[in-house]
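> predicted model and sequence follow; I will ask about them next.
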Amino acid sequence: MNETMVTLVGNVATNVEFRETVTGGVARFRFAVTARRWDRERAVWTDGPTSFYTVSAWRSLGVNLAASVSVGEPLVVHGRLKVREEEHDGRWKTFVDVDALAVGHDLTRGTAAFRRAVRQSTETSVPEQRVPDPSAPDPWQTPPPAAEGVSTPAVTGS
């Protein structure tokens, strides 16, 4: 496929909104990327213009993202770039979206503690290997975090 893949480094600009759809859950948020440049004359770092992107993350990535990310946090987002134009109130506007494939905290700006998501399965044996249908819900979708004091059963194996 000829898709434009991008990796963006920036900050979460809005709350992560998560909702269930017929094809699985999706998380969406706005992402701000500001270029920083070294100003030799003044010997300081200066901010350039800020670009905003709407980031969508599907299925387990969306669930984990909604449980892990807050406004202002520095992230690295990797995914498919989508540029679209729409008419609103008689004016054409350009929207830039990223369909995220991977998202993580930017560890150049802080620390993070990784916790492996617990996958739930109704099968007791190892499932057969098959090609997943990208439009079907992810059978390994991570459940939302359990309420405090409520344990979530763990699934062993990989």
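Received the coordinates, thanks.
> so, low pLDDT: which residues of this protein?
Within the chain, the stretches with pLDDT under 70 are 1, 120-158.
> how about a cut-off of 50?
Residue ranges of the chain with pLDDT under 50: 122-132, 138-147, 150-158.
> where exactly do the helices run in this structure?
59-68 (DSSP state H).
> how near is the residue of it positioned farthest from its centre to Pro49?
Residue farthest from the centre of the chain, counting by Cα atoms, centre = their mean, is Glu41 at 37.9 Å. Look at Glu41 and Pro49: by Cβ to Cβ, to the nearest Å, they are 19 Å apart. In this view, the C-beta of every residue, glycine as well, is placed from N, C-alpha and C.
> ditto for Arg115
For Arg115 relative to Pro49 (Cβ to Cβ), the value is 36 Å.
> who has more neighbours, the two?
Per other Cβ atoms under 10 Å, whichever of Arg115 and Pro49 has more neighbours is Arg115, with 10 against 7.
> can you report phi and psi for the more buried one?
phi -130, psi 120 (degrees, to the nearest 10).
> check contacts around it.
Listed by Cβ atoms under 8 Å, 6 or more residues apart in numbering, Arg115 has no contact partners.
> now Asn11
Counting by Cβ under 8 Å, 6+ apart, Asn11 makes contact with 31-32, 34, 72-75.
> the same query, at a cut-off of 10 Å, please.
30-34, 50, 71-75, 106, 109 (Cβ atoms under 10 Å, 6 or more residues apart in numbering).
> any idea how many residues pack against Ser51?
By other Cβ under 10 Å, 13 other residues sit near Ser51.
> ok, the closest residue in space to it that isn't next to it in sequence to Val76 distance?
Once flanking residues are discounted, Ser51 sits nearest to Val33: 4.9 Å by Cβ to Cβ, 6 or more residues apart in numbering. Between Val33 and Val76 the distance is 11 Å, computed by Cβ to Cβ.
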